[in-house]
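1. Got a sequence here, can you build the structure:
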Amino acid sequence: MATETAMRADHPYDPLTAEEIDRAREIVENERELGERTRYVKIVLDEPPKEAVNEFEASETDAERAAFVILRDSEEPTTYEGVISLDTEEVTSWEAKPNVQPSITLEEFDLCEETVKNNEEWREAAAKRGVEEFDLAIVDPWSAGHHLVPEGVDRNRRLAHAMSWMRTSEEDNGYARPMDGLHAWVDLDEMEVVKVLDRGVTVDDVVNDLEDATYREEDRELRTDLKPYNVDQPEGPSWKIDGRKIEWQKWHLRVGWTQREGLVLYNIGYEEDGEIRKIVHRASAAEMSVPYGDPDPNHNWKNAFDIGEYNIGRLANALSEGCDCLGYMHYFDAVMNDTSGEVSVVPNAICLHEEDFGTLWKHTDWRTESTEVRRNRRLVISFVATVGNYDYEFNWYFYQDGSIEPQVRLTGINNNGLVSDDEEPTSGYYELMAPNIKGMVHQHFFNFRLDMAVDGEKNELYRRQNERIPKGPEKKIEWDGEDGVDGINPTGATFYSEKTKLETEKQARELIDSLKGRYWQVENPEKTNYLDQPVGYKLVPGENVEACAQRESSIIDRATFIKYHLWATPYREDERFPAGEYPNQSPGGDGLPKRALYLVAFPQPGVWESRYRGPHGDKVWVDLYDHWLDPA
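-> A predicted model of the protein is given here:
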């Protein structure tokens, strides 16, 4: 069973409604003379300052509703930013943004594909690979980056690096037959191919010489021995929903949405004795980096920023009952705009449901032969986005023990390339997926921005990790338990959890260290628990790796945030993205690397977390595969 929230704006952080998007577009077009080739990249909520939100929540004083717009005038060509007051119905700011490229739009995806497929030079190169029915080709507009653009192609143009595959029918798996070696650079403003590069043919006939890789249900033999599994909640779910506010098992939070980040969570708090104790002010996946490690020049340039370059929220799926989620579900639509500024809705973009997650706690008293056990139920808030061949499932889990877990699952189809029959597939740069088809080694980094507010605004950040104690001069391990021995570690077994305060932004750039059990702790020094210790939350890293790209590389220049798993910076309203506001075609240097130049002490932390899936006073940014926030 499923229910759905009717979209309305009850809170300053609630996304724009369809009516507000329409009004914002009308105000812009009434006040500004837009060129015929102007595209609306996004019309989103202009998030109000934290002080205005706090005032609203304390006294329900109206907070101004405003829209933030990004437009691309393809004729000039120039990018524009504007803020539109929905209360006074006027454009309150308007600024040209020279030398930046906004994210690639869905309309540009479609037009780029058609432009390439109609290019005669591209068709000649495709024909060398056995292609005759050009309409069955698919073309993906990869972000072109900055440094690895061919000589003679102007980097100041709005570029996409187009890669091609071939289908045998409209319903065929489009990614089964790569036309490796065939590259096209497209000017998305002019929608023209500016360069075609053919690096050579690897497989003479990609249509007939490569295997099918069908995946549709009707084309596969699925298992028939799996019995039905039903999730039954006869009394309904355990949550309460009011607009975009969710209450579940003492948790309180609001669900938001942006075209860039997709799902955004606000005002995450936990109720105790009737008081909602705040933990996180704002949480979202803020950026991604997907660098490829194969030295093959057909692939060594790849490094996609799927959030900042493509607007991953705009690529969200409409989720389906009984497939993406099981049990009793509640859905939220994603209300956005298309490039003409018209409202575009993805129904059921966010799914809310409960899951049984095994045992939460158990103990058996062997003396009395009694056992106590508690089941573990968790709340799941999720969305799924498809970026070309990859599908990403973003899950936020809330647990009954007060912990929070953001998680990203990767599915879909591996990006692939070709290998010749005589190439030895043991280099380690790729794995064979089928005859002549390789999947290149690559990494996925997901950067999460956590605006921490543990029991209030004043937070501090600490590193915790295991440290050994030297044994001392006596090397024997015998000890009779008496005092008077040399040192505090006569048995050689003593160790402790070291606690180090991270007081500057330079100190608060860290890698994980699983061998030492390293984690980070956000504390509020002004609030104590019933043991008279500072209240806090632990940031516990899960599985992760280091970035493999060299420091002197386009990847690290443009995705500097993947150098560390944790960054902490003082809170600033205008610093939301670790690679800057406009990572598309950027040479790098914006976002976190620019902040890290300042070595100021911060009174409370904000956290950027980069997770590899591959604090208010401070923000925490974390790179992750899997991390946890646990009560300290």
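2. Report the residue spans of the stretch 351-500 of the chain with pLDDT below the cut-off.
-> For the stretch 351-500 of the chain, the stretches flagged by pLDDT under 70 are 472-486.
3. now the chain
-> Along the chain, the model assigns pLDDT under 70 to residues 1-7, 321-323, 472-486, 595-632.
4. For it, which segments are assigned as helices?
-> 18-31, 50-59, 106-117, 120-127, 554-558, 592-595 (DSSP state H).
5. helices or strands next to the fourth one in the packing?
-> Put plainly, it is helix 120-127. strand 159-166, strand 178-187, strand 192-198 (3 or more Cβ pairs under 8 Å, 6 or more residues apart in numbering; DSSP states H and E). To be clear about C-beta, it is placed using only N, CA and C from the backbone, and glycine gets the same treatment.
6. Distance from the last one to the middle of the chain?
-> What separates the centre of strand 192-198 from the centre of its chain is 31 Å, taken as Cα atoms, centre = their mean, to the nearest Å.
7. Pull the residues that contact that strand.
-> Residues outside strand 192-198 that contact it (Cβ atoms under 8 Å, 6 or more residues apart in numbering): 115-116, 119, 121-122, 125, 128, 150, 152-154, 157, 159, 181-187.
8. Residue 177: neighbour count?
-> Around residue 177 there are 33 other residues, counting by other Cβ atoms under 10 Å.
9. From residue 164, how far out is it?
-> Distance from residue 177 to residue 164, counting by Cβ to Cβ, to the nearest Å: 10 Å.
10. Report the buried residues of the lengthiest strand in the chain.
-> As assigned by DSSP state E, the longest strand anywhere in the chain is strand 343-365. Across strand 343-365, burial judged by 16 or more other Cβ atoms under 10 Å covers 343-344, 346, 348-355.
11. Please list only the buried members of the contacts of strand 192-198.
-> Of the contacts of strand 192-198, these count as buried by 16+ other Cβ under 10 Å: 115-116, 119, 122, 125, 157, 159, 181-187.
12. Show me the two of those that sit farthest apart.
-> Maximum pairwise distance among those (Cβ to Cβ): 23.3 Å, between 157 and 181.
13. got a list of what the residue nearest the centre of the chain touches?
-> The C-alpha lying nearest the average C-alpha coordinate of the chain belongs to residue 285 (Cα atoms, centre = their mean; 3.6 Å). Counting by Cβ under 8 Å, 6+ apart, residue 285 touches 261-263, 307, 312, 394, 406, 408, 446-448.
14. One more: residue 258?
-> Counting by Cβ under 8 Å, 6+ apart, residue 258 makes contact with 15, 44-45, 264, 284, 313.
15. Would you mind giving the contacts of residue 285 as CSV with distance to residue 324 and neighbour count added?
-> Below are the contacts of residue 285 laid out as CSV (distance: Cβ to Cβ, whole Å; neighbours: other Cβ atoms under 10 Å):
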residue, distance to residue 324, neighbour count
261, 19, 24
262, 14, 25
263, 14, 26
307, 20, 30
312, 16, 27
394, 12, 24
406, 18, 26
408, 15, 20
446, 19, 30
447, 24, 32
448, 22, 25
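16. ok so, going back, export the helices and strands packed on helix 120-127 as a markdown table, with columns for distance to residue 583.
-> Shown next, in a markdown table, are the helices and strands packed on helix 120-127 (distance: least, Cβ to Cβ, whole Å):
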| stretch | distance to residue 583 |
| --- | --- |
| strand 159-166 | 14 |
| strand 178-187 | 18 |
| strand 192-198 | 21 |
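17. I'd like to know which of these is closest to residue 379.
-> strand 159-166 (39.2 Å).
18. how about the nearest residue to residue 246, chain neighbours excluded?
-> Among residues not flanking residue 246 along the chain, residue 253 sits closest, at 5.5 Å (Cβ to Cβ, 6 or more residues apart in numbering).
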